[in-house]
Every structure is written in C-alpha cells, then in structure tokens.
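# Turn this into a model:
(one chain, ligands or ions: 1)
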Amino acid sequence: MSSIKYELWNRSLIRRVIDSGRVAHAYLFLGPDQQKKIWTAISMAKALMCSETGAFFCDQCPTCKKINSHNHPDVLWLRPSGARREIKIEMARSIQATLSLKSYEGGKKVAILIDADRMNTEAANSMLKTIEEPADNTYLILIAADVERFLPTIVSRCQQVYFPLEDRSSIVDFLASECHVEPSRAEVIASLAYGNYSEAIKYLDDDRLEWREYIIDLFFRIFHSETDIFELAETCEKRIIDRAELSVKNIPPDQAGATPDGSDLTSMERASVEKSVFNEEVSVFFQILELCCRDFIIYNETGDAELLVNSDKVEALSRYARGFSMERLLRCMVEIGNAFKAYQGNTKLQFVLEILFDRIQQELVA
Ligand SMILES: [Zn+2]
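Okay, here's the model as predicted:
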C-alpha cells in the first residue's frame, strides 16, 4: 500500500479517510510523539464505531464514552509486557482470535497495539497472517516510532501514516485551551517540549518543572569555584534515584509491564522495569542540562531572549552567559554528550556526574 504523509492528525483528515470509504484494515501510525498517535487511534476508533447516526463521532454516546475510557469491549488495547517488553505470540494470537469473533456490540472491531515494533519474530509472523487475511469489519492500528524494527512484509501491507511534530504555537494553544495552563508557563513548556505533546504533558506535572529549576540552578552552582563537585554529584544522583522510585510507584499496573494474564511480575521483570524508569530519568536530566548549555550558547551568540528554550530564566542566564567564550561553552556541550554516553556504556552515574561537573567547572571557572 502507498504511504500517506498527513500534516495534521485532526478530525477532518480522519473524516476524509472514512468518507472516502477506503478505510484500510491495517494502519501503521508512525512518528516521535506517542500521545498524538494514541489520540488519533482513539479518534479513528470512535469515527468507525460511533453509534450516533449521521455524526462523524459525537463524543457523547455510550460507544464514544467507552472508547475514551478504554472500556469498549470491541476496542482491544495491547502493549508490550514482561522483562523484555515484548509483544509475544500469545498476544498476537489473542488479537487474531478476538478479531475473528463476532463483536460484542454487533459492529466493527478495532485492535490498537502500542509499541507494536516490539513484536518478537513469532508474534510478527502471526500478526502478518492477521493482516493478510482480515476478517470483515475489523481494523488494526499498529503504533510505533518508525518502521525499522518491523518485518518489511508487515510494513508493506499496512497503510502508513506519519505524524510529524507539531509547531510550537499549537502546543501553546493546546496547553492553554485543553489544560488551562497560564500563558507564560505554556510558552516555557512548549519550548521544552519541542513540538511533542507527550513531552508537554510530562511538564504539566509541577514536579518536572521544579526538577528543571533544580538542574538549571545546579548548572549555575558549578560556576562557583568553592562548590564541592563531589557533594553536588552525590546529591544530584540521589535526586535522580528518588524521582525514579516515585515514577515506578506511579506507573499504572497495565503499563508496568504486567503480564497479559494479569499475574504479578517476577523480581527480575520488576528490576528491569525499574532500570528502564531510572534510565529515562537520567536521560531527562541530561536533556535538561544540554538545553541549559544550549541556551547559554545561543544567548552568548545572539543576545536574543526570544530564541531561548528556558525563556523564563533569561535574567539569570544573561548574568552568567556573557563571561564565557563560545569555544568553552561548546566544549561543555560535548562533555555533556560524552557523559551521557559513558552512563549508557555502564559507567556508574555518580562517577559520570563527578567527572562532568569537574570538567564544566574547569572550562568555565577560569
Ligand atoms: Zn458517539
């Protein structure tokens, strides 16, 4: 099937597909923003199944409400599970079986697979059969970042829809109108989110913005020659561990990698989930630190506060930025990238942070 690149994910585009009467049995939703793809999958399911005659989808009828709350018996949601976060053969078979049964409410059926590229080979082969021989009135939506890990035979049999990142103003509008975020805060979050709704939503949690404040402040503290780098690295690592522990506690059971039959995770699986949450927290830390350094470079070069990601921090940034040479700031940027790579290469985080903070201090506190 051909590949269509949609510019937007809104109702009118889904409507065009449905009105054309050429709805594919299998879609592959691609792109970096998970939330945007999930919202679209929900809209697509509602558009296909809404019981309100004449309406595209009404969002009010029992069908729409059940789909919105993930409680519709004919809309199957699946995501990878277990220590390896895999979609296994049992899951692929359950999709095939569910789609081939008569629907509970007598209409269409939709299966939505999140992180569908995490199918193992057996599952992928079984899925291929489901895609090749679709039952009437059944639709499959596979969600993934890109096509790389899919069997080419699956990719070629799905209608691909690519969801690009949004422009900044759309994220600001979304935050203001849907999430009631005050304008100045919406501007900052939109800058940090880089056109990605999923990222923007993470910043709605005040804690994440407060974490950014801490990291920016930490960057400034390194500039003081009397700062104890070792102590700073230790407290910083402790904060990351605390955040990860809190995140693990807050993961809903259906996303914690729970097994499809609802049984508890083994201790090994639990450790694997915890490790991936910790890695995510470390990655967020380095991203924010990198953005902070990037702002220094941009402000140093242009003096234009409008171009900064941390636009609300312009006063503090300007106080420091002018004193640093571009060459030294660029070297700091490289050091931040190298430190993250060292962590990914299994160097202990506290040690990575000690070396990084020490090098930044040496570069910038001449
Ligand atoms: Zn409806």
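# The ion versus residue 16, what's the distance?
19 Å (C-beta to the ion, to the nearest Å). (Glycine included, C-beta is placed from N, CA and C.)
# What strand or helix carries that residue?
Element membership for residue 16, per DSSP states H and E: helix 11-19.
# Please pull up the helix or strand immediately following that helix.
The helix or strand immediately downstream of helix 11-19 is strand 26-30, counting by DSSP H and E.
# circling back to that earlier point, touching the helix holding residue 16 from outside, list them.
Outside helix 11-19, the residues that touch it by C-beta atoms under 8 Å, 6 or more residues apart in numbering are 6, 23, 40, 43, 44, 47, 48, 56, 57.
# Try it again at 6 Å.
Contacts to helix 11-19, defined as C-beta atoms under 6 Å, 6 or more residues apart in numbering, come from residues 6, 23, 43, 44, 47, 56.
# pLDDT-wise, what's the bottom of those?
Lowest pLDDT of those: residue 6, 36.
# Do a quick rundown of the strands in the stretch 151-300 of the chain.
For the stretch 151-300 of the chain, the strands defined by DSSP state E, counting those that start in this stretch occupy 159-162.
# Show me the helices in it, by range?
152-157, 168-177, 183-193, 197-204, 206-222, 229-250, 267-302 (DSSP state H, counting those that start in this stretch).
# which one of those lies closest to the ion?
The closest of those to the ion is helix 168-177. By C-beta to the ion, the value is 21.8 Å.
# tell me what the closest one is packed against?
Helices and strands touching helix 168-177, by 3 or more C-beta pairs under 6 Å, 6 or more residues apart in numbering; DSSP states H and E, are helix 183-193.
# per-residue confidence for residue 252?
In this model, residue 252 carries a pLDDT of 62.
# same check, this time on residue 27
pLDDT, residue 27: 94.
# residues in contact with it?
Here residue 27 is in contact with 141, 159 (C-beta under 6 Å, 6+ apart).
# and it, bridged to which residues?
residue 141, residue 159 (DSSP bridges).
# Quick check: end-to-end length of stretch 191-211?
Its start and end residues considered, stretch 191-211 measures 16 Å (C-alpha to C-alpha, to the nearest Å).
# got the buried residues for that stretch?
By neighbour count on 16 or more other C-beta atoms under 10 Å, the buried set for stretch 191-211 is 191-197, 199-203, 208-209, 211.
# before we move on, the earlier item: who wins for proximity to residue 364 among the helices of the stretch 151-300 of the chain?
Among those, helix 206-222 comes nearest to residue 364, with 7.3 Å by C-beta to C-beta.
# okay, the closest residue to the ion within the stretch 151-300 of the chain: pLDDT?
Closest to the ion within the stretch 151-300 of the chain is residue 178: 19.5 Å, counting by C-beta to the ion. pLDDT recorded at residue 178 is 87.
# What is the neighbour count of it?
9 (other C-beta atoms under 10 Å).
# Around the ion, pick out the residues from the protein.
Contact residues, the chain versus the ion (C-beta under 5 Å from the ion): 50, 52, 58, 61, 64.
# Could you give the number of residues near the fourth one?
It refers to residue 61. Residue 61: 16 neighbours (other C-beta under 10 Å).
# so who does it touch?
Going by C-beta under 6 Å, 6+ apart, the list of residues near residue 61 reads 51, 52.
# Where do the helices of the stretch 1-150 of the chain begin and end?
11-19, 34-49, 62-68, 89-100, 121-132.
# Identify whichever of the ones you listed lies nearest to residue 316.
Closest among the helices of the stretch 1-150 of the chain, using C-beta to C-beta: helix 34-49, at 31.2 Å.
# Only alpha carbons, please: show the helix holding residue 16 as CSV.
Only the C-alpha atoms of helix 11-19 are listed here, as CSV (Å, rounded to 0.1, in the frame of the first residue of the first chain):
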residue,chain,number,x,y,z
ARG,A,11,-10.8,15.1,12.8
SER,A,12,-11.1,16.4,9.2
LEU,A,13,-8.4,14.1,8.0
ILE,A,14,-9.8,11.0,9.6
ARG,A,15,-13.2,12.1,8.3
ARG,A,16,-11.8,12.3,4.8
VAL,A,17,-10.5,8.7,5.0
ILE,A,18,-13.8,7.4,6.4
ASP,A,19,-15.9,9.4,3.9
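# I'd like to know the average pLDDT value across that helix.
Helix 11-19 comes out at a mean pLDDT of 74.
# got the buried residues for it?
For helix 11-19, the neighbour count (16+ other C-beta under 10 Å) marks 13, 14, 17 as buried.
# Tell me the spacing between the residue of the stretch 151-300 of the chain closest to the ion and residue 247.
According to C-beta to C-beta, to the nearest Å, residue 178 stands 24 Å off from residue 247.
# which ones are touching the residue of the stretch 151-300 of the chain closest to the ion?
Per C-beta under 6 Å, 6+ apart, neighbours of residue 178: none.
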